[in-house]
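> Here's a sequence, model it:
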Amino acid sequence: MKQYLDLLQLIKDTWVNVSDRTWVGTRKIFWAQMKYDLSDGFPLVTTKKTFLRAVIVELIRLIRWETNIKYLVDRDVRIWNERPFQNYLKQNDLEDKFPKYSDERHEKLDIFVASIKKKDVDDPFVIKRWELGPVYGHQWRNFNSQWVDQLKIALDMIRNNPNSRRILVNARNPAQLDKMLLPPCHMFYQMNVDTTNNKLHLQMYQRSCDMFLGVPFNIASYSALLLLLAKITGLEPGTFVHTLWDAHIYQNHRDVVDTQLSRDPLPLPELHILKDIQTLQDIEQLERADFELVWYTSHGRLKAPVAV
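Residues are numbered from 1 along each chain as shown. Coordinates of the predicted model:
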């Protein structure tokens, strides 16, 4: 993971200091690219404790094209909680009463999350308050709400037309952006089949890249996606190429980034899929327990607030 740390350092050394929609402010650079050969190990960041459970649960949610965060809440994954909660506060003129990053806000959010766990997925409260709209997985599997399954089409092409240059899945749909709680950051991914070496490669383009919190998660998520798609198409996982456009460090993440950069990376682990999967439907049924992470050692946990 040295290339990830090198990119953090590059942003610190050559940064442009700008404001952003969160009003937190960022240090940023434009355009970078990292490549991870999965034969070298699974690229899970080791300079801080990285929790694979959230990565796996979120990835399976995307493949299932679940758009309500109850799927995550029921599995104790918190990564999307802030977005619908912020939307609720805004709609009810409560932003001043529960200001960002305050203890009062965290307590109120915890109450809301606990209430979701007690309700069914079709409960009006869950549907109204915790729906994200047609984001990510919805576009992957039901593009523009017209039952266009881009992921299935891509898999069919991998199997039947592996030399195609059109094997891609697009999450950005301008026709439905106004219905999404947050426009997609990781916008599309494209696959290439190396028919000589029987390998599947995957590139993902990300328009907005939170280098401390989001990017380690994105690296692990798309590397796991590559493992899954290679397995059900009978190919070996090759290289995950991560193309980043606006790569930034939030101003309130500077201290933890300094701590992370002071740590030496450790050897990469391996990620094994324990179940015999052959179809997209098989992937949809997977849970965290169906994956085994071996030989993962890391430095201690580092925490920072999510910019909303």
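> Which stretches in the stretch 51-200 of the chain count as helices?
Assigned by DSSP state H, counting those that start in this stretch, the helices in the stretch 51-200 of the chain fall at 52-63, 70-73, 82-91, 103-117, 124-129, 137-141, 150-160.
> so which of those gets nearest Ile277?
helix 52-63 (11.2 Å; CB to CB). In short, each C-beta sits where N, CA and C put it, glycine included.
> Let me know the angle separating that closest one from helix 150-160.
On the basis of axes from the mean of the first three to the mean of the last three CA atoms, to 10 degrees, helix 52-63 is oriented at 90 degrees to helix 150-160.
> Show me what counts as buried in helix 52-63.
Buried positions in helix 52-63, judged by neighbour count with 16 or more other CB atoms under 10 Å: 52, 54-63.
> what packs against it?
Under the contact criterion of 3 or more CB pairs under 8 Å, 6 or more residues apart in numbering; DSSP states H and E, helix 52-63 touches helix 70-73, helix 137-141, helix 214-232, helix 280-284, strand 291-294.
> I'd like the ones you listed as JSON lines, with mean pLDDT and mean neighbour count appended.
JSON lines is the format used below for the helices and strands packed on helix 52-63 (pLDDT from 0 to 100; neighbours: other CB atoms under 10 Å):
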{"stretch": "helix 70-73", "mean pLDDT": "90", "mean neighbour count": "20"}
{"stretch": "helix 137-141", "mean pLDDT": "97", "mean neighbour count": "22"}
{"stretch": "helix 214-232", "mean pLDDT": "97", "mean neighbour count": "22"}
{"stretch": "helix 280-284", "mean pLDDT": "97", "mean neighbour count": "16"}
{"stretch": "strand 291-294", "mean pLDDT": "97", "mean neighbour count": "14"}
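> Please convert these to TSV, extending it with distance to Gln91.
Output for those, formatted as TSV (distance: least, CB to CB, whole Å):
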stretch	distance to Gln91
helix 70-73	19
helix 137-141	22
helix 214-232	25
helix 280-284	32
strand 291-294	37
